[in-house]
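Q: Give me the fold of what follows.
(2 chains)
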Number of protein chains: 2
Amino acid sequence: MPVSAPVTMSATLAVDESLARRRSAGEPVLSLAGGEIGLPVLPLLEERLAAAAGRNAYGPVAGDAELRTAVAGYWRRRGLGTDPDLVVCGPGSKPLLFGLVLAVGGDVVIPRPGWVSYAAQARLAGGRAISVPIRPGQGGVPDPDRLREAVVSARAAGRDPRSVVVTLPDNPTGTVAAPETVRDLAVAARDLGLVIISDEIYRELVFSPETPLVSPAVFAPERTVVTTGPTKSLALGGWRMGVARIPDGPLGREVRTRLLGIASQIWSTTAAPVQAAAAYAFEEPPEVVTRIAESRRLHETVVRAVAARFAAFGAALTPIQATCYLYPDFEPLRDGLARTHGVRRGEELTALTAERYGVGLLPGTAFDEPEHSLRIRVATGRLYGESDTERVTALSAADPLRLPWIKASLDRITEVLTDLTGPFAPGRADTG
Amino acid sequence: MPVSAPVTMSATLAVDESLARRRSAGEPVLSLAGGEIGLPVLPLLEERLAAAAGRNAYGPVAGDAELRTAVAGYWRRRGLGTDPDLVVCGPGSKPLLFGLVLAVGGDVVIPRPGWVSYAAQARLAGGRAISVPIRPGQGGVPDPDRLREAVVSARAAGRDPRSVVVTLPDNPTGTVAAPETVRDLAVAARDLGLVIISDEIYRELVFSPETPLVSPAVFAPERTVVTTGPTKSLALGGWRMGVARIPDGPLGREVRTRLLGIASQIWSTTAAPVQAAAAYAFEEPPEVVTRIAESRRLHETVVRAVAARFAAFGAALTPIQATCYLYPDFEPLRDGLARTHGVRRGEELTALTAERYGVGLLPGTAFDEPEHSLRIRVATGRLYGESDTERVTALSAADPLRLPWIKASLDRITEVLTDLTGPFAPGRADTG
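A: Numbering: from 1, shown residues only, chains lettered A, B, ... in the order given. The predicted structure follows:
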């Protein structure tokens, strides 16, 4: 039985639901926990979905040919030549990641910190997660040297690591690992005979060409599976659609056969109308490109403004290069937090912000950090407005930070941080 | 590692894809293999999906409140009072069945014959399937007496059966197990401490009130999970949506918690626009009720006409009471098939019909029958036309069997059976 302990709900979704209950009870909340992107569907994609509403056939397990061709083009334009037959679609990249872990089997090396579901998926698939720390600023990629040590010692202890997961760009740190780090990881994976599962769902949300994203599929093409989807770039999480790019060659063929077998037994296929609309998105017509560019700029502006506030109050922070996440460390404020609030652990800190201020945050433990860590993940994707009108306005605003609803959230963050740290570490109230 | 052997693709989907390739190569095919219902989406539901295309939020893991309330009403109208909080939605009933098997853990008792994916899902979840034969005519329900023997002896051998799956009405036999059989099964499950997973996806496709479907949830409410969805009744397989009804009480609470944890880690939620349209379907407005009634009548007319042909050529058949499946046994023709065609196994028979006639069928092995069995499953849901116009015409035709495209398929079946059995068992060519 692979489920050896009670299965806990995905931490992000659990906090989301808790805040939703508070909100429906009329209490003020500030949702900085979930990874959902609070932006509306691009009207052109809404139209495409509506036009495909009559599609009710299952279609191929791997996804419709039209979709797979569009996705292959998307990757080709990013320097990764892709055979449409090596594209596999699923109802989200999450089920694809689970299917891949199940297909490859064994234990899974994951980065620490790392996305909430990697370790849980490894356990559900009957294996275990081997957590390897990242190098500073190289979020999402297990330190290649420590990876080697961890795999060798795991094997010596009778464990069976067969894959390594990387997140490029990274959730939770909002950083993009440097090409040299990715190359070292790829070489280590090859030396160790590991399959690389590269979760690149945030690829379109890298802010600057100065922090280029180079996929491990460039360095170890024979062993790297890449996953992505329109969930983050086009705010389509609720549509549930993702894709995987399977490597060419014998290992890839084996992975593909097993993944399709698993997919056919667990979820069959992906909602056909959604596939049709997603195919159009992956063709990257100008409207889609513009929308993604606008979203990226909005994320960058807001996440940096929020990061500046946390830094001003004394939390340690790596510069944010992508996504809409920051991962401040309250370690420099440990003494004050303990003295004033009795807070000694990340979970106590996030419980305090939720209960006292209605601010939803995720503790580092949700990303596999130790309990005493005071790192927390802050997600800013829900700050763009409550209505579609506000959100569309934010997308095209010259200075989104001056929009009243965004400014109010930023002020609230300052207020909460002031109240939280004021007794011991008065922040610079003029920040931002 | 739960995947101890290569994972084979779901047999129905694999045959579907093989026939699709033949068709696209211009070869004539007759698809009697896959469980897909070849009917168009009800326009009202298409409109509902289109109207919900802007819904892009994840929403609760269990499904939107509106949907869960509608589904609770659906079950309440069938005598099963249901708390909306005990309804869980997923991207198909297939992932829900997998999630349930994983949530309950251990080994799974399944009926033989039984749907292709039950045993595969048990293996993927790290358990094993314990296959128990049905009583004659009581498809989908493991013989309660043999279930007791099998579970006792499995436990004595150190195995850990924790659940039993039933299919009501049944795929592949097209029968509805009698209430007494279901009651005996429920009592046995209670005595043995098994969770009952009742797959009732074909519930709306029972032809006559003379064969009432009584769910095991009536007899063992504390331990029965029921699953269903609009896939079969409304031909919405490609939309990927299903629901589970969790039992009230301590066991149900435990199953729900674990299932939601698993769902949150594997698939998150179900496509939000699909949930909105499905909620409307589960409210059962008059148009939906009428469409389902028309579909049921069409299935009944065509599946019975096809069954009459197989019977006329000497295959053994149980009367069809539901679904659009028949499960003829060519055992009475074994000598002739062996002598004339060298066919001694079900898989040889279906390979012969596919290669020589382009007729897709599933062998009994796909339903866990022994290799020498000459049972095959025939699915008639794809005989209603190639275009939506033909299919809509079939839905409302006074005598669908006289429509040229349906008549042509029936004639082709007669032709194939004549050619197949002619040398040794000339059929009554005047049948039907």
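Q: How many residues are close by A:Val206?
A: A:Val206: 19 surrounding residues under other Cβ atoms under 10 Å in any protein chain shown. Every C-beta, even on glycine, is put in place using the N, C-alpha and C of the backbone.
Q: Quick check: it touching A:Pro169?
A: Yes - using Cβ atoms under 8 Å, A:Val206 is in contact with A:Pro169, at 5.7 Å.
Q: residues bridging contact with the two, i.e. touching both?
A: A:Val176, A:Leu213, A:Gln321, A:Ala322 (Cβ atoms under 8 Å, 6 or more residues apart in numbering or on different chains).
Q: Can you redo those as a markdown table, where the extra columns are distance to B:Thr414?
A: Shown next, in a markdown table, are the shared contacts of A:Val206 and A:Pro169 (distance: Cβ to Cβ, whole Å):
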| residue | distance to B:Thr414 |
| --- | --- |
| A:Val176 | 65 |
| A:Leu213 | 61 |
| A:Gln321 | 68 |
| A:Ala322 | 64 |
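Q: Looking at these, state which has the most neighbours.
A: Using other Cβ under 10 Å as the neighbour criterion, A:Val176 leads these with 31 neighbours.
Q: related to what we said a few turns ago, quick one: which two of the shared contacts of A:Val206 and A:Pro169 are the most distant?
A: Maximum pairwise distance among the shared contacts of A:Val206 and A:Pro169 (Cβ to Cβ): 9.4 Å, between A:Leu213 and A:Gln321.
Q: Overlap of the contact sets of the two?
A: When Cβ under 8 Å, 6+ apart defines a contact, the residues bordering A:Leu213 and A:Gln321 alike are A:Pro169, A:Val176, A:Val206.
Q: where are the low-confidence patches of chain A?
A: Along chain A, segments meeting pLDDT under 70 span A:1-18, A:426-432.
Q: what's around the closest residue to A:Phe330 other than its chain neighbours, how many residues?
A: Distance criterion Cβ to Cβ, 6 or more residues apart in numbering or on different chains; nearest residue to A:Phe330, sequence neighbours excluded, is A:Leu374 at 3.8 Å. As a burial measure, A:Leu374 scores 24 neighbours (other Cβ under 10 Å).
Q: what's the answer for A:Pro169, then?
A: Neighbours around A:Pro169, by other Cβ under 10 Å: 28.
Q: Provide a list of residues in contact with it.
A: Neighbouring residues of A:Pro169 by Cβ under 8 Å, 6+ apart: A:139-140, A:175-176, A:200, A:202-203, A:205-206, A:213, A:321-323.
Q: Likewise for A:Trp239?
A: A:Leu49, A:Pro230, A:Thr231, A:Ala271, A:Val274, A:Ala277, A:Ala278, B:Asn56, B:Ala271, B:Ala272, B:Pro273.
Q: ok now the biggest helix by length in chain A, how far from the chain's centre?
A: The longest helix of chain A (DSSP state H) is helix A:286-312. When distances are taken as Cα atoms, centre = their mean, to the nearest Å, helix A:286-312 is centred 15 Å away from the chain's centroid.
Q: Counting neighbours, show which residues of it come out buried.
A: A:288, A:291-292, A:294-296, A:298-312 (16 or more other Cβ atoms under 10 Å in any protein chain shown).
Q: Among the contacts of A:Trp239, which one sits closest to A:Leu147?
A: Of the contacts of A:Trp239, the one sitting nearest to A:Leu147 (Cβ to Cβ) turns out to be A:Thr231, at 27.5 Å.
Q: do you know how far A:Val108 is from A:Val29?
A: 34 Å (Cβ to Cβ, to the nearest Å).
Q: Same check on A:Val288?
A: Counting by Cβ to Cβ, the gap from A:Val288 to A:Val29 is 32 Å.
Q: domain ranges for chain A?
A: The record assigns chain A these domain ranges, following automatic domain parsing: A:11-31+A:287-421, A:55-284.
Q: Quickly compare those domains and say which is most buried.
A: domain A:55-284 (a mean of 22; mean count of other Cβ atoms under 10 Å in any protein chain shown).
Q: In contact with A:Ser131, which residues?
A: A:Val109, A:Ile110, A:Pro111, A:Arg112, A:Gly114, A:Ala119, A:Asp368.
Q: Let's have these in a markdown table, adding distance to B:Asp329 and secondary structure.
A: Compiled in a markdown table, the contacts of A:Ser131 are given as follows (distance: Cβ to Cβ, whole Å; DSSP: H, G, I helix; E, B strand; the rest coil):
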| residue | distance to B:Asp329 | secondary structure |
| --- | --- | --- |
| A:Val109 | 51 | strand |
| A:Ile110 | 51 | strand |
| A:Pro111 | 56 | strand |
| A:Arg112 | 58 | strand |
| A:Gly114 | 54 | coil |
| A:Ala119 | 49 | helix |
| A:Asp368 | 55 | coil |
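Q: Let me know the closest of the residues you listed to chain B.
A: A:Ala119 (9.5 Å; Cβ to the nearest Cβ).
Q: residues contacting the spatially most central residue of chain A?
A: Central residue of chain A (Cα atoms, centre = their mean): A:Asn171, 4.4 Å from the mean position. The contact partners of A:Asn171, taken as Cβ under 8 Å, 6+ apart, are A:Gly35, A:Trp115, A:Gly140, A:Tyr202, A:Thr323, A:Tyr325, A:Arg377.
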